[in-house]
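A.B. asks: coordinates for the following, if possible.
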Amino acid sequence: MSANPQYPAPGRQITTDDLLAALLPDSPAGAQPTAPTPAAPAAAPTLDVAVLVELARRQGALEAAVAAQTTPAAAAPPKATPAVPRWAVGTAVAGLGIGAGGLLLGFALDLLAAGAAAVAAGITAAAPMLILGAVLVAALVGRRSKGGEFEVTQTVVQTITNTVKGRR
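C.D. replies: This next block holds a predicted model:
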């Protein structure tokens, strides 16, 4: 950065009055300390640098700037007071924990449902083979339950009809 603008506006220079007008309130009376005013307004006072320095001193801006410049580097910085109460931090941490736990629970339930759907699809695809296997197992178990013996039953039926001619 430099004091000279990179893209100057032609024919426009910022004066001290322009700078003061931008930094001060709309009216010079607004920069004055509030005090009971008489019923008849007085003439607007003119502002100068001494008035601005006095206003900055009353607001404490000058003492803070001077204290910051005169503080030795080796001195310990003042202890910062927390800007946020401890209960608010605890509540925020608890809220984050509950939100993360709910998110993880949602992911777990989603994975559980996807796993159950995959198992159901696998069983459906393998159903014909499972049924065939169950029939074969039942046949083998039924065959072995009789001890391996076969029982054969044979029935022979013979009807003999003797007819003689003329006799009945």
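A.B. asks: tell me where the chain has helices.
C.D. replies: Using DSSP state H, the helices of the chain run over 16-23, 28-31, 49-59, 61-70, 86-144.
A.B. asks: flag the shaky bits of this structure, pLDDT-wise.
C.D. replies: Scanning the chain for pLDDT under 70 picks out 1-3, 5-14, 18-47, 60-78, 80-82, 144-150, 164, 166-168.
A.B. asks: rewinding a little: between the helices of the chain, which gets nearest to Thr155?
C.D. replies: helix 86-144 (24.1 Å; Cβ to Cβ). Quick note: C-beta positions are derived from backbone N, CA and C, even for glycine.
A.B. asks: rewinding a little: export the helices of the chain to CSV and append columns for distance to Thr153 and mean neighbour count.
C.D. replies: Output for those, formatted as CSV (distance: least, Cβ to Cβ, whole Å; neighbours: other Cβ atoms under 10 Å):
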stretch, distance to Thr153, mean neighbour count
helix 16-23, 121, 10
helix 28-31, 124, 13
helix 49-59, 121, 12
helix 61-70, 117, 10
helix 86-144, 18, 10
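A.B. asks: can you lay out those as CSV showing distance to Lys79?
C.D. replies: Formatted as CSV, those follow (distance: least, Cβ to Cβ, whole Å):
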stretch, distance to Lys79
helix 16-23, 34
helix 28-31, 35
helix 49-59, 24
helix 61-70, 16
helix 86-144, 16
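A.B. asks: please consider this matter closed, and thank you.
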